[in-house]
Structures are given as structure tokens and as C-alpha cells.
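Novice: got a predicted structure here, sequence first:
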Amino acid sequence: MTQAIELLRPSQIRAAFEARSLVYLPLGTIEWHCEHLPVGLDALTAYGICSKAAEKTGGLVWPTLYYGTGGDHGEYPWTVMMEGSEELEVLLRKTFSRLATLGVRRAVLFSGHFADGQLEMIDRLAAEASGHLGISVVATAVNRFDVVGFPPDHAGKFETTLLAGLHPDTIDLSALPDIESGDDRRDRHDPASPLWGVIGADPRNANLSEGSRLVEEIAVRLAAMATDA
């Protein structure tokens with residue numbers, strides 16, 4: 001049976017929560033990730049890793065929230081970034097409140113977008129909900145797992161490889177100039193840069209075959225966090 005709650009009937013939801021009273025809530029954005037990656041990367045990776053973790057722990061996965069806040073890419077093309085966290089907090093507080101009322105005991109707030117403002121928001125909401133609503137909420141993000149060889153970045157080697165472990169068909173490294181011919185000395189916030197908007201290791205050096213391993217390592221550790229009451 002799928003873990004996607006929106007595809008389930010009430011009897012299936014009840015059965016899933018009787019086995020494991022746990023919900024994963026993935027957060028992402030629509031955000032520029034240079035020419036080689038889709039704009040939904042943060043949300044796609046968050047949902048994919050939550051689904052992998054739920055396969056290990058039981059529980060269900062909530063639909064991804066495709067809005068985020070914080071970071072330096074708010075004015076890039078095909079990006080919609082909230083100026084602050086207020087609107088997102090309203091949605092998430094309501095979700096936690098309803099889940100608690102419905103008897104869900106544990107929730108994992110997992111963000112694929114890891115700008116400082118986003119991380120501050122999820123940590124604050126988790127502490128607030130756990131202290132007042134009677135539901136245990138843990139918050140984390142895809143950048144917090146310290147996988148050897150993969151320091152977190154934006155649209156670089158880390159995020160490109162991570163997406164390759166879930167949706168390899170969405171990546172087109174040929175959309176970037178050859179590494180020998182592309183002058184990477186410009187500021188990467190300069191639209192003339194061949195790696196416009198990439199913050200971190202050059203994705204042209206990524207070994208996409210490592211994507212499945214990277215996803216699995218993060219999913220295993222997220223699953224352990226989810227069940228560590």
C-alpha cells in the first residue's frame with residue numbers, strides 16, 4: 001500500500017496509523033536551480049526521501065508544501081519564495097493541530113529547502129507543537145546529515161546527485177557548458193556565469209550513479225530519527 005495519504009481511503013488511513021502513528025511532512029519550494037535541474041528540486045527530494053523513510057518505518061507521507069522562505073534566490077527566474085515565514089507557519093500550525101486532534105502521535109517535518117530562515121521556522125514550529133499540542137514533532141532538513149563526500153550545496157554536486165537518486169530523468173548536465181570551456185570565474189549570482197545560481201561544488205563533476213546510495217543513507221537516518229521517541 002502506498003504511504004501517500006492523499007491516495008488512501010479513511011479505513012486505510014486508520015489501519016496505517018494503528019500500525020505506526022507517524023506522519024512525514026515534506027517541505028520544498030519552486031526555485032531556480034541553474035539550467036540543468038528542475039525548479040521543484042527541493043520538494044522532489046524532500047518527498048522522495050520521506051517516502052523512502054516511510055517504507056522503513058511505516059506511517060504516512062503528507063503532500064509536499066511547495067513554498068518556502070529564505071535564501072538568496074528569491075528574484076531568480078521561475079522562483080516563488082515567501083518574504084517571511086508567517087503564511088507558512090499558519091498552514092503548518094493548522095496541520096499539526098488537526099493531526100494531534102485526530103490522534104496522530106508523531107510527525108516529522110522534513111525540508112528539502114535549507115536556507116537559514118526555513119530552518120529557523122521548522123525548528124521553532126517543532127518545539128512549539130511538541131510543547132503545546134500533544135503531538136511529538138521532530139524537524140530536520142536534507143543538509144543536516146553530514147554524508148561523507150557530499151557537503152550540502154545549492155544546485156551543485158550534492159543536490160544534483162541527490163536528485164539523480166530519485167528522478168534521474170529530470171537532470172540534463174548537457175544544458176551546462178563543458179567544464180573546459182565554461183568560464184567559472186564569474187560571481188555565480190551573475191547571470192553570465194555558466195553556473196548561475198549554483199552555490200557549492202561544480203555539478204559537472206558529479207557522479208550521478210552515487211545518487212541511490214546518497215538517498216538511501218539519508219532515508220535510513222531520517223527513519224531512525226522518526227522512530228526515536
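Specialist: Received the coordinates, thanks. Numbering: from 1, shown residues only.
Novice: avg pLDDT for the helix or strand harbouring residue 108?
Specialist: Counting by DSSP states H and E, the element that carries residue 108 is strand 106-111. Per-region confidence: strand 106-111 scores 98 on mean pLDDT.
Novice: return it as PDB; C-alpha atoms alone will do.
Specialist: C-alpha atoms of strand 106-111 as PDB (Å, rounded to 0.1, in the frame of the first residue of the first chain):
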ATOM      1  CA  ARG A 106       4.400  11.700  15.900                       C
ATOM      2  CA  ALA A 107       5.200  14.000  13.000                       C
ATOM      3  CA  VAL A 108       8.500  14.600  11.100                       C
ATOM      4  CA  LEU A 109       8.900  18.000   9.400                       C
ATOM      5  CA  PHE A 110      11.500  17.500   6.700                       C
ATOM      6  CA  SER A 111      12.700  20.300   4.500                       C
END
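Novice: just the buried positions in it, please.
Specialist: 106-111 (16 or more other C-beta atoms under 10 Å). Heads up, the C-betas are built off the backbone N, CA and C, glycines and all.
Novice: swap in stretch 130-150?
Specialist: So, applying 16+ other C-beta under 10 Å, buried residues of stretch 130-150: 130, 133, 135-145, 147, 150.
Novice: what residues does it touch?
Specialist: 45-46, 49, 96-97, 99-100, 104-114, 118-119, 122-123, 125-126, 129, 152, 157-158, 161-162, 214, 217-218, 221-222, 225-226, 229 (C-beta atoms under 8 Å, 6 or more residues apart in numbering).
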